[in-house]
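In: With the input below, show me the fold.
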Amino acid sequence: MSLADVTMLFDSPLLRIIGIDCRHPRGGCGCERGDERTHLALLRRGGFGYHLRGAAYVGDPATALLYRAGDSYRISHPFEGGDDCSCFEVAPEHEDELFGRRLRDGADAARVASPADQYRHRALHAALLRGGADRLAVEEAATALCHDILHRAALPEAPLSVAARRLATRAREMLLADPAADGGLAALATRVGCSPFHLARVFRRAFGLSLADYRTRVRLTLALERLAAGADDLAALACELGFSHHSHFGAAFRRHVGLTPAAARARLRTDAVTRASRHLIATRARGR
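Out: This next block holds a predicted model:
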């Protein structure tokens, strides 16, 4: 039985968007892969390891991953629960324009994905699931999203020791596995096995974000998932995600996403309501 559902969400001469919903259990590297078109993977949920040319990256809701045609790589699954992602492929003749020539020359495979990027990703994903999306609008939105992520500064290449990078990666895995937890820096450092101040330093050097900023980004991506699924009680959602109160959640959401949770919910749920309405109409028509 396959452990992943692969769906062609959009296919045009310019662009493909493929949805992958993975249920792989936690585990190490799988078999070698390659012979694929250049693509950008943007996660909606969970995370996975990306092992390329002797380096290891982690794709998560705050980190997009770039695959370049011609590379071979392996995937690992450091988290329970699998992951969901969208892969954006551009036609080979347009790769250099969208992805950039410099990205073919050994640049870092990881790029920061902000909560605002994730909102755009979610809105596009919802429109594609609805069906009947306008090709021009989809291509324009998808290429703009990829361009903005890819042409942002790469994640830092800090000269960290193997041990220090392992500490930072372990802390990230813990935050991603349970972003609602609020045990504080000392508790997290104890679990990782180092001092609080050392952990804070190496995490920022490794990923270009503070621990708190990273956790907030993961929480807000989860919020987008819940809102897209129809969450109604924003106060309960704030509590579930680990925010101290509703207003704290709303302020963080507005600062990072650019609109209120209620406004985002209305936009994301409009597609769900439309899908339900179309299904109801089709069912009634078949019953005549």
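In: for the helix or strand hosting F197, which positions count as buried?
Out: Assigned by DSSP states H and E, F197 belongs to helix 196-207. Across helix 196-207, burial judged by 16 or more other C-beta atoms under 10 Å covers P196, L199, A200, V202, F203, R204, R205, A206, F207. C-betas here are computed from N, CA, C, even on glycine.
In: Check stretch 229-244 too.
Out: Buried residues in stretch 229-244 (16+ other C-beta under 10 Å): A231, L234, L237, A238, E240, L241, G242, F243.
In: List the contacts of that stretch.
Out: Residues outside stretch 229-244 that contact it (C-beta atoms under 8 Å, 6 or more residues apart in numbering): 179-182, 215, 219, 222-223, 226-227, 245-246, 248-250, 252, 261-262, 265, 269, 272.
In: hmm, back to that, output the contacting helices and strands for the following helix or strand past the helix holding F197.
Out: Downstream of helix 196-207, the next assigned helix or strand under DSSP H and E is helix 211-228. On a contact count with 3 or more C-beta pairs under 8 Å, 6 or more residues apart in numbering; DSSP states H and E, helix 211-228 meets strand 39-46, helix 115-130, helix 162-177, helix 196-207, helix 234-241, helix 246-257, helix 261-287.
In: Turn these into TSV, columns for distance to R74.
Out: Putting those into TSV (distance: least, C-beta to C-beta, whole Å) gives the following:
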stretch	distance to R74
strand 39-46	14
helix 115-130	25
helix 162-177	16
helix 196-207	21
helix 234-241	32
helix 246-257	32
helix 261-287	34
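In: Pick the most deeply packed of those.
Out: Of the helices and strands packed on helix 211-228, the one with the most neighbours on average (mean count of other C-beta atoms under 10 Å) is strand 39-46, at a mean of 22.
In: List the residues that contact A64.
Out: L40, A41, L42, L43, A110, R111, V112, A113, D117, I149.
In: Recalculate using a threshold of 6 Å.
Out: L40, L42, R111, A113, I149 (C-beta atoms under 6 Å, 6 or more residues apart in numbering).
In: before we move on, what about T38?
Out: Contacts of T38 by C-beta under 6 Å, 6+ apart are R68, A69, E95, F99.
In: go with 8 Å
Out: By C-beta under 8 Å, 6+ apart, the neighbours of T38 are L66, Y67, R68, A69, E89, V90, P92, E95, F99.
In: Doesn't the fourth one belong to a helix?
Out: Pointing back at A69 there. No - counting by DSSP: H, G, I helix; E, B strand; the rest coil, one finds A69 to be coil, located in no helix.
In: Verify the stated contact: it with D96.
Out: No - counting by C-beta atoms under 8 Å, A69 stays clear of D96, with 11.4 Å between them.
In: next structured bit after the helix or strand S76 falls within?
Out: Using DSSP H and E, S76 falls within strand 73-76. Proceeding N to C from strand 73-76, the next assigned helix or strand is strand 83-90, under DSSP H and E.
In: Just give me the neighbour total for the spatially closest residue to C31 that is not a sequence neighbour.
Out: Sequence neighbours aside, R74 is the residue nearest to C31 in space, at 7.2 Å (criterion: C-beta to C-beta, 6 or more residues apart in numbering). If you count neighbours by other C-beta atoms under 10 Å, R74 ends up with 16.
In: please renumber so the chain begins at 298
Out: Shifting the count to begin at 298 puts that one at R371.
In: ok, R371 - contacts?
Out: C326, G327, C328, E329, R330, H348.
In: Would you confirm that A468 contacts L506?
Out: No - the pair A468 and L506 does not pass the contact test of C-beta under 8 Å, sitting 11.4 Å apart.
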